[in-house]
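Chemist: mind folding the following:
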Amino acid sequence: MEGRPHHRVCLLVLSNDRSFPISAVSWYSMARGNLMEEGLTLEFKKELAEGLEKEVVAFLNTQGGNILIGADDDGTILGLDDAKSLSLIVIDRIKNNIQPATLGLFNVEVKQAESKSYIRVIVAQGLEKPYYIKKHGMSSKGCFIRIGSQSSPMNQSMITDLYSRRAIQTLSNVLSPNQHLTFDQLKMYYGIRGFDVSGEFFLRNLGLYTDDGRFNYTAYLMSDDNGVSIKVARFRGMNKLDIIERNEFGRTCLIRSAYQVLDKLEVANATVVRVGGKAARKEIRLVDRDALREAVLNAIIHNDYILGSFPVFEIYDDRIEIVSSGGLPIGLSQEEFFKGLSHPRNRELMRIFSDMDLCEQLGSGMQKILRAYPRDIFSISDHFISVRFPYNEEALSIYREEDPCKPSGGNSGGDGGNNGGNTITMLPAEDDGLSENALTVLRALQTDGSLSQRQLSESIDMSMRTVQRALTELRDARYIVREGSPRSGTYIVLKQV
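Modeler: Reported below is the predicted structural model:
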């Protein structure tokens with residue numbers, strides 16, 4: 001295999017509910033002796049044996065689940081020799097022995113408990129049922145479903161019924177409207193992370209072709225030039241009557257669009273600081289930073305692009321609102337959505353964004369949002385999902401203390417004031433107005449600070465002179481420092497973006 005193995009796959013949303021994949025907290029409790037029993041979404045295996053594919057297929061065809069390899073039937077951790085090597089075999093078997101393609105639907109982790117290594121396989125519910133073991137085909141020997149703690153064969157009528165409902169359009173089987181595509185930006189982002197991006201194998205490994213060898217819609221979204229519009233708009237007041245700023249971040253590689261939207265909203269999501277009073281210093285974001293980031297990425301990754309509608313991001317004086325198209329995926333209820341059950345619409349995008357470290361473990365995104373906000377910030381219809389993040393009330397109060405004439409929200413800056421013995425200042429998000437070239441170089445250095453100027457130039461496809469200017473800009477803004485000699489030194493990143 002060329003390049004780094006593509007097995008860091010972003011998947012499921014984990015839930016503390018015992019009816020679905022168990023959260024990290026539950027696994028920790030289990031590892032400490034608080035054992036759980038096999039059930040609808042949990043299977044224990046003493047060792048890596050022949051029946052692995054059967055269990056994975058059953059979870060794909062049901063609700064998803066977890067397989068723990070290296071555990072006794074009662075959940076006791078037995079451990080595995082060379083679990084890391086075995087985990088690569090697990091990945092290879094799931095990828096090659098099961099149909100339809102499982103990219104983006106599973107994750108494999110090597111875990112530790114009581115100094116023993118074991119493997120955890122997380123499986124999402126699939127959209128293209130029935131899944132089956134390739135060598136047995138779509139038959140009772142190849143198709144399984146989870147019933148209680150057992151993986152049972154499907155009868156032929158069930159297989160036929162599931163297959164008849166499977167004919168859905170996905171990013172992988174819909175043709176790109178343009179077959180003359182280039183992927184310079186995609187290769188840049190993967191090259192920065194150490195992947196081998198040479199040759200056609202790279203594009204094929206990302207699933208950018210249809211079965212007949214033409215570019216699919218995933219390729220279109222990842223190409224340098226496309227028609228996908230992604231806008232960030234700012235309004236004065238609390239409605240859409242007075243637009244004061246509109247930014248177009250689409251029509252390019254979706255990864256770049258995602259970074260640009262995140263950067264823009266990071267600037268808009270200001271931090272207010274109160275110094276004095278009862279607390280010596282208090283910093284408050286207008287919107288919870290982690291929750292906002294997860295909602296942005298969810299909107300971009302799970303949007304139904306085939307419908308021709310694209311994510312929209314709107315900034316008001318009292319809130320930030322995010323709208324994505326497509327509603328909930330077929331077969332996923334609102335209750336399951338809020339519990340964090342994974343039913344990914346665009347598994348191809350999940351895999352790519354996971355490689356970029358922009359997509360976390362299954363379900364952690366929803367957990368982060370609901371830790372900070374109630375469910376009612378979501379509005380879900382058949383065709384759209386809207387998330388409204390109201391600004392923190394204390395942050396708004398500080399704004400009004402600083403300047404009663406100022407709008408209710410927004411990153412307005414200012415030197416601060418004095419009100420009732422409290423010093424109030426506004427801190428913008430920490431991008432300091434960096435140029436896009438500087439941000440690109442900084443992200444590369446966050447991945448590998450030992451890169452030379454020439455290596456930076458080659459990996460991000462930027463001229464040496466432009467790289468040098470970007471490095472000067474980053475040093476002047478105190479984002480990086482150079483340690484060691486000019487030949488063998490490294491860049492130390494002081495501030496992340």
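
Chemist: in this structure, which helix or strand is least confident?
Modeler: strand 417-419 (a mean of 40; mean pLDDT, DSSP states H and E).

Chemist: isn't there a strand covering R246?
Modeler: Yes. With DSSP: H, G, I helix; E, B strand; the rest coil as the criterion, R246 is located in a strand.

Chemist: phi, psi for the closest residue to it other than its chain neighbours please.
Modeler: With sequence-adjacent residues excluded and distances taken as C-beta to C-beta, 6 or more residues apart in numbering, R246 is closest to A233, at 4.9 Å. In this view, the C-beta of every residue, glycine as well, is placed from N, C-alpha and C. The phi and psi values for A233, taken as degrees, to the nearest 10, are phi -120, psi 150.

Chemist: for A233, name its beta-bridge partners.
Modeler: R246, E314 (DSSP bridges).

Chemist: list the contacts of it.
Modeler: 243, 245-247, 312-315 (C-beta atoms under 8 Å, 6 or more residues apart in numbering).

Chemist: isn't R454 right up against S463?
Modeler: No. Counting by C-beta atoms under 8 Å, R454 does not reach S463; the two are 11.0 Å apart.

Chemist: quick one: low-confidence parts of the stretch 301-450 of the chain?
Modeler: 330-331, 360-364, 399-432 (pLDDT under 70).

Chemist: mind listing the helices for the stretch 151-300 of the chain?
Modeler: For the stretch 151-300 of the chain, the helices defined by DSSP state H, counting those that start in this stretch occupy 156-164, 184-192, 200-205, 217-222, 254-268, 289-302.

Chemist: I230 reaches N303, doesn't it?
Modeler: No. Contact criterion C-beta under 8 Å: I230 and N303 do not qualify, at 9.2 Å.

Chemist: these two: who's more crowded?
Modeler: Taking other C-beta atoms under 10 Å, I230 and N303 do not tie; N303 has more neighbours (26 against 22).

Chemist: with I320 as the reference, measure out to the residue most central in space within the chain.
Modeler: When C-alpha atoms, centre = their mean is applied to the chain, the residue found nearest the centroid is C359 (1.8 Å). Relative to I320, C359 is positioned 21 Å away (C-beta to C-beta, to the nearest Å).

Chemist: what of L494?
Modeler: 28 Å.

Chemist: got it, and I460?
Modeler: 30 Å.

Chemist: same deal with S115?
Modeler: 46 Å.

Chemist: more neighbours: which of the two?
Modeler: I320 (24 against 7).

Chemist: looks to me like the more buried one is in a strand.
Modeler: Yes. Counting by three-state DSSP, I320 is located in a strand.

Chemist: which residues are in contact with it?
Modeler: Here I320 is in contact with 265, 268-269, 286-287, 292, 313-314, 388-389 (C-beta under 8 Å, 6+ apart).

Chemist: for R165, same thing?
Modeler: K129.

Chemist: likewise for N239?
Modeler: Y316.

Chemist: do the one 10 residues further on as well
Modeler: With contact taken as C-beta under 8 Å, 6+ apart, F249 is in contact with 230-232, 257, 260-261, 264.

Chemist: from the residues you listed, list the buried ones, please.
Modeler: Listed as buried from the contacts of F249 are 230, 232, 257, 260-261, 264; burial here means 16 or more other C-beta atoms under 10 Å.

Chemist: nearest to R371, of the residues you listed?
Modeler: V261 (22.3 Å; C-beta to C-beta).

Chemist: and the closest residue to the closest one other than its chain neighbours, what pLDDT?
Modeler: Sequence neighbours aside, F249 is the residue nearest to V261 in space, at 5.4 Å (criterion: C-beta to C-beta, 6+ apart). Listed pLDDT for F249 reads 91.

Chemist: from G326, how far out is F249?
Modeler: 20 Å.

Chemist: please apply the same query to E109.
Modeler: 29 Å.

Chemist: for the two, indicate the residue with more neighbours.
Modeler: G326 (18 against 13).

Chemist: which residues touch that one?
Modeler: So G326 contacts 302-304, 307, 309, 345, 383-385 (C-beta under 8 Å, 6+ apart).

Chemist: most neighbours, which of these?
Modeler: N303 (26 neighbours).

Chemist: excluding residues flanking it in the chain, which one is nearest that one?
Modeler: Going by C-beta to C-beta, 6+ apart, N303 has S324 as its nearest residue, at 4.4 Å.

Chemist: would you verify that the one you found is located in a helix?
Modeler: No. With three-state DSSP as the criterion, S324 is located in strand rather than a helix.

Chemist: hang on, isn't it packed against I385?
Modeler: Yes. Contact status for S324 versus I385: in contact at 5.3 Å, counting by C-beta under 8 Å.

Chemist: between the two, which contacts overlap?
Modeler: A299.

Chemist: three-state assignment of L471?
Modeler: Applying three-state DSSP: L471 is helix.

Chemist: tell me, how many residues neighbour it?
Modeler: L471, neighbours per other C-beta under 10 Å, totals 21.

Chemist: how about it: what's its closest non-neighbour residue?
Modeler: Of all residues not flanking L471 in the chain, V441 sits nearest, at 6.4 Å (C-beta to C-beta, 6+ apart).

Chemist: pull out the buried residues from whichever strand or helix holds the one you found.
Modeler: When elements are assigned from DSSP states H and E, V441 belongs to helix 436-447. Under the neighbour-count criterion of 16+ other C-beta under 10 Å, helix 436-447 has 437-446 buried.

Chemist: what do you get for stretch 194-206?
Modeler: Neighbour-count burial for stretch 194-206 [16+ other C-beta under 10 Å]: 195, 197, 202-203, 205-206.

Chemist: K95: neighbour count?
Modeler: The burial count for K95: 15, using other C-beta under 10 Å.

Chemist: wait, it touches T102, no?
Modeler: Yes. Using C-beta under 8 Å, K95 is in contact with T102, at 6.4 Å.

Chemist: so how far is V110 from L86?
Modeler: Taking C-beta to C-beta, one finds L86 at 8 Å from V110.

Chemist: okay, and the common contacts of the two?
Modeler: I119.

Chemist: rewinding a little: just the C-alpha atoms of the helix or strand following the helix holding V441, please, in PDB.
Modeler: As assigned by DSSP H and E, the chain's next helix or strand after helix 436-447 is helix 453-459. Output in PDB follows, covering the C-alpha atoms of helix 453-459 (Å, rounded to 0.1, in the frame of the first residue of the first chain):
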ATOM      1  CA  GLN A 453      11.500  25.900   3.600                       C
ATOM      2  CA  ARG A 454      12.000  23.800   0.500                       C
ATOM      3  CA  GLN A 455      10.000  20.900   1.900                       C
ATOM      4  CA  LEU A 456       7.200  23.400   2.800                       C
ATOM      5  CA  SER A 457       7.300  24.700  -0.700                       C
ATOM      6  CA  GLU A 458       7.000  21.300  -2.200                       C
ATOM      7  CA  SER A 459       4.400  19.800   0.200                       C
END
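
Chemist: which strands and helices sit next to helix 453-459?
Modeler: When contacts are defined as 3 or more C-beta pairs under 8 Å, 6 or more residues apart in numbering; DSSP states H and E, helix 453-459 sits against helix 184-192, helix 436-447, helix 464-476.

Chemist: now find how far off-centre the longest one is within its chain.
Modeler: It refers to helix 464-476. 30 Å (C-alpha atoms, centre = their mean, to the nearest Å).
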